[in-house]
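J.: Below is the sequence, then the predicted model.
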Protein chains: 2
Amino acid sequence: MSTRTQPYHHGNLRPVLVDTAVELARSTGPDGVVLREVARRAGVSHNAAYRHFEDRGALLAEVADRAMTQLEQAMRARADAVTATDPVQRAVDRLGETGRAYVEFAIAEPGLFAVAFTSPEGVAEHRDPDSAAGPYAFLNAVLDDLVEVGVLPRERRAGADEACWAMVHGFAELHVHGPLREVPAEAREEMLESVLAVIRRGLIGQDPA
Amino acid sequence: MSTRTQPYHHGNLRPVLVDTAVELARSTGPDGVVLREVARRAGVSHNAAYRHFEDRGALLAEVADRAMTQLEQAMRARADAVTATDPVQRAVDRLGETGRAYVEFAIAEPGLFAVAFTSPEGVAEHRDPDSAAGPYAFLNAVLDDLVEVGVLPRERRAGADEACWAMVHGFAELHVHGPLREVPAEAREEMLESVLAVIRRGLIGQDPA
DNA sequence: ATCCGATGTGGACACCGACAACATCAACCG
DNA sequence: CGGTTGATGTTGTCGGTGTCCACATCGGAT
């Protein structure tokens, strides 16, 4: 009689749950990642997720880690696409592209970006304390290259990472969820260039285009 | 028989609700502002708030506006406390103090800061599109002074506001909710100084202490 | 063949935001 | 002075959510 449409055990539930949660986060942000909805979409009963995640927070933390990885890959891809051959120009361009990629990702994937950097009730506890290690490490490598090439004075290297990160992160926040979210794309890109120029002058001391 | 401990009509509910919501936001952030809890603390039944606010979002938007005002006042106070008499030094110091106040407020009042800049489900609709006008306008005034005094080249004035705002906002976000939230206060302050120095060099071109 | 631990289910509970119907009360109008 | 009306507050309810508990199923080790 039992037509057994679905096996009792899913067999591969955990990754499916994470994928589903990522999809949900993309379209509706952190608050949209609702355990019961994730379960529904995965074709499984509510509660099934509790066999694989201690908490809703634990699932969200997993999504956040994935988002961080995607962000890092976006940065890396843009930086590696720089074509300049002159070492100085190349290092400078790579810094700019890294920043552009950061903002671009935030704009293109606001939900994932929000999850990556948000630690609402009960999520923080489950997050790797340095889940941002990937993007941050990459930025540091780019900055080290600037020193190597001789365009960033070594005595200014300390704090440069924070400055770059804060700048693009703030820009992204303001434009994604913040008060500047209504600014049209064209004006935003213009602003970004001018902001990146400030960073360039602040670090390098000149403005080699 | 009815000992009438409380009058049926509160008589002054709306402001009390806002105050209570602000208090709640201070201690638990946006998600902590729960309509039923606000009502409870105000000694009134759930639903009473619906006579004064269309929505939970409307109440939260009101809290956000208050937070913005407080932020602006904090910036203004710090900037006005600058003692330098030399016009150039004074203008430069005022910019630094404005930035410090921004970050200081975010650290001291993480809940309010989060509410001020968050637009979760159904809050954005109720918010004044430029609720950040206060702090932003003040920053612009400070930057205009820098031009007036001759230390900020006029052709760099455009975009300078965005750069300053993005920098301190990003710094605050990273340290309040973000990946740098575990950084101890001392190290954070050191980072802030170095970040402010980058902005100073990026705008003014030199580093007058 | 049997047992057992891992995995999935169904049901419950407390909490929340929102809606609807009703209660109270003051101000206004005759 | 009495009635009506509109603003304000209350109770009850509904659907939705996270989480806990007891139970069901099933594959692999014994």
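T.: The structure has been received and is ready for your questions.
J.: measure the most centrally placed residue in chain A to residue A:56 for me?
T.: Nearest to the centroid of the C-alpha atoms of chain A, with distances taken as CA atoms, centre = their mean, sits residue A:71, at 3.7 Å. Using CB to CB, to the nearest Å, one obtains 22 Å as the distance from residue A:71 to residue A:56. Any C-beta I mention is one placed from the backbone N, CA and C, and that applies to glycine too.
J.: just residue A:186 next, same as before
T.: As it turns out, when the distance is counted by CB to CB, residue A:186 lies 39 Å from residue A:56.
J.: repeat for residue A:174
T.: The span separating residue A:174 from residue A:56 equals 28 Å under the rule CB to CB.
J.: what do you get for residue A:96?
T.: Relative to residue A:56, residue A:96 is positioned 38 Å away (criterion: CB to CB).
J.: is the longest helix anywhere in chain A anywhere near chain B?
T.: Counting by DSSP state H, the longest helix found in chain A is helix A:56-80. No. Among the residues of helix A:56-80, none lie within reach of chain B under CB under 8 Å from any CB of the partner chain; the closest is 9.0 Å away.
J.: Tell me the helices and strands packed up against that helix.
T.: Judged by 3 or more CB pairs under 8 Å, 6 or more residues apart in numbering or on different chains; DSSP states H and E, the packing partners of helix A:56-80 are helix A:13-32, helix A:35-41, helix A:87-108, helix A:110-117, helix A:133-148.
J.: Now the host helix or strand of residue A:162: average pLDDT?
T.: Mapping residue A:162 onto the secondary structure by DSSP states H and E places it in helix A:160-176. Confidence over helix A:160-176, taken as the mean pLDDT, stands at 98.
J.: roughly how far is that helix from the heart of the chain?
T.: 12 Å (CA atoms, centre = their mean, to the nearest Å).
J.: again, but for stretch A:42-54
T.: In terms of CA atoms, centre = their mean, the centre of stretch A:42-54 is found 26 Å from the chain centre.
J.: tell me which parts of chain A are close to DNA strand D?
T.: Proximity of chain A to DNA strand D is confined to A:7-9, A:33-37, A:46-47, A:50, A:55-57, A:122 under the rule CB under 7 Å from any atom of the strand.
J.: ok, which of those residues also contact DNA strand C?
T.: Here is what survives when these are matched to DNA strand C using CB under 7 Å from any atom of the strand: A:8-9, A:46-47, A:50.
J.: okay, the helices and strands packed on helix A:56-80, which one's buried deepest?
T.: helix A:110-117 (a mean of 24; mean count of other CB atoms under 10 Å in any protein chain shown).
J.: thought residue A:195 was touching residue A:170?
T.: No. Shown here, residue A:195 and residue A:170 do not form a contact pair, counting by CB atoms under 8 Å, at 9.1 Å.
J.: where do the contact lists of these two overlap?
T.: Common contact partners of residue A:195 and residue A:170 (CB atoms under 8 Å, 6 or more residues apart in numbering or on different chains): residue B:166.
J.: any idea which element residue A:190 lies in?
T.: Assessed by DSSP H and E, residue A:190 sits inside helix A:185-204.
J.: Show me what that helix is packed up against.
T.: Taking 3+ CB pairs under 8 Å, 6+ apart as contact, the helices and strands that helix A:185-204 lies on are helix A:87-108, helix A:160-176, helix B:160-176, helix B:185-204.
J.: contact partners of stretch A:97-110?
T.: A:26, A:29, A:67, A:70-71, A:74-75, A:77-79, A:81-82, A:112-113, A:135, A:138-139, A:142, A:164, A:167-169, A:171-173, A:175-177, A:185, A:188, A:192, A:196, A:199.
J.: Residue A:152: what secondary structure?
T.: Using DSSP: H, G, I helix; E, B strand; the rest coil, the secondary structure recorded for residue A:152 is coil.
J.: Now it: closest residue in space that isn't a chain neighbour?
T.: Nearest-residue entry for residue A:152: residue A:146, 3.8 Å, with adjacent residues in sequence omitted and distances by CB to CB, 6 or more residues apart in numbering or on different chains.
J.: Quick check: that neighbour vs residue B:60, distance?
T.: Computed with CB to CB, the distance linking residue A:146 and residue B:60 is 43 Å.
J.: Check residue A:142 too.
T.: In this structure, residue A:142 and residue B:60 are 39 Å apart, going by CB to CB.
J.: What of residue A:154?
T.: From residue A:154 to residue B:60 the distance is 47 Å (CB to CB).
J.: Please say which of those two ends up with more neighbours.
T.: A count of neighbours by other CB atoms under 10 Å in any protein chain shown puts residue B:60 above the other of residue A:154 and residue B:60, at 24 against 9.
J.: Please list all residues in contact with the more buried one.
T.: Taking CB under 8 Å, 6+ apart as the contact definition, residue B:60 lies against B:21, B:25, B:30, B:33, B:115, B:120, B:123, B:126.
J.: Let's see that with 7 Å instead.
T.: Under the criterion of CB atoms under 7 Å, 6 or more residues apart in numbering or on different chains, the contact list for residue B:60 reads B:30, B:33, B:115, B:123.
J.: Format those residues as a markdown table; extra columns: distance to residue A:205 and pLDDT.
T.: Output for these, formatted as a markdown table (distance: CB to CB, whole Å; pLDDT from 0 to 100):
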| residue | distance to residue A:205 | pLDDT |
| --- | --- | --- |
| B:30 | 41 | 95 |
| B:33 | 46 | 97 |
| B:115 | 39 | 96 |
| B:123 | 43 | 86 |
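J.: For DNA strand C, state which of the residues you listed is nearest.
T.: Comparing these against DNA strand C with CB to the nearest atom of the strand places residue B:33 closest, at 6.9 Å.
J.: how close does the closest one get to residue B:24?
T.: In this structure, residue B:33 and residue B:24 are separated by 5 Å, where distance is defined by CB to CB.
J.: Return every residue with contacts to both of those two.
T.: Shared contacts of residue B:33 and residue B:24 (CB under 7 Å, 6+ apart): none.
J.: Would you check that residue A:145 makes contact with residue A:89?
T.: No. With contact taken as CB atoms under 7 Å, residue A:145 and residue A:89 are classed as non-touching, separated by 11.9 Å.
J.: got any ranges where chain A has weak pLDDT?
T.: Within chain A, the set of residues satisfying pLDDT under 70 comprises A:1-5, A:8, A:120-121, A:206-209.
J.: now with 80?
T.: In the prediction, chain A carries residues with pLDDT under 80 at positions A:1-5, A:7-11, A:119-122, A:128-130, A:206-209.
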